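A.B. asks: Next comes the sequence, and after it the predicted model I'd like to discuss.
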Amino acid sequence: MKRVITYGTFDLLHYGHINLLRRAKALGDYLIVVVSTDEFNWNEKHKKCYFSYPQRKALVEAVRYVDLVIPEESWNQKRRDMHEYHIDTFVMGDDWKGRFDFLKEEGVEVVYLPRTPEISSSQIKKDLYDANAEESAGKACHEDINTDPG
């Protein structure tokens with residue numbers, strides 16, 4: 001059985017994530033997805049997530065291409081994960097190209113897949129922020145709207 005592993009935050013799960021997971025699964029028989037914990041995201045990546053780790057884990061577990069979800073708690077766990085889970089192929093998006101080539105020393109194939117160019121969680125957050133800022137400039141808020149039909 002060929003085992004594949006990938007890492008990510010997977011906040012605001014979208015079709016770009018699904019594309020990555022589908023293509024990663026196609027490289028083997030068993031896909032492990034390592035989802036960054038809230039603490040790791042905040043302390044190491046300086047990133048605040050919309051969904052909590054348990055929520056993001058549940059979302060990723062619901063994707064049919066995924067066989068196992070485990071937590072990412074540090075940058076340094078990757079070498080250990082390769083051995084503990086008997087990984088054959090390590091997969092990341094190509095925006096990380098070259099950053100994980102050191103895992104080849106562990107006997108693991110390292111693959112960088114092209115991202116889905118028109119979508120990212122960061123872009124979704126920016127677009128929503130911009131749209132809300134533009135919209136709120138001339139509109140009432142929820143508290144100002146009369147919803148009483150009488």
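C.D. replies: On my side now, so go ahead.

A.B. asks: burial measure for L59, as a count.
C.D. replies: 18 (other Cβ atoms under 10 Å). For the C-beta atoms, the positions are set from N, CA and C on the backbone; glycine is no exception.

A.B. asks: tell me the pLDDT at it?
C.D. replies: As predicted, L59 sits at a pLDDT of 97.

A.B. asks: Can you tell me the closest non-neighbouring residue to it?
C.D. replies: Setting aside the residues directly before and after it, L59 is nearest to L13 in space (Cβ to Cβ, 6 or more residues apart in numbering), at 4.8 Å.

A.B. asks: Wait, a strand at that neighbour?
C.D. replies: No: judged by DSSP: H, G, I helix; E, B strand; the rest coil, L13 forms no part of a strand; its state is coil.

A.B. asks: so what's L68 up against?
C.D. replies: Y30, L31, I32, V33 (Cβ atoms under 8 Å, 6 or more residues apart in numbering).

A.B. asks: Please tell me how far the residue nearest to L59 sits from E106.
C.D. replies: Remark: distance between L13 and E106 (Cβ to Cβ, to the nearest Å) = 29 Å.
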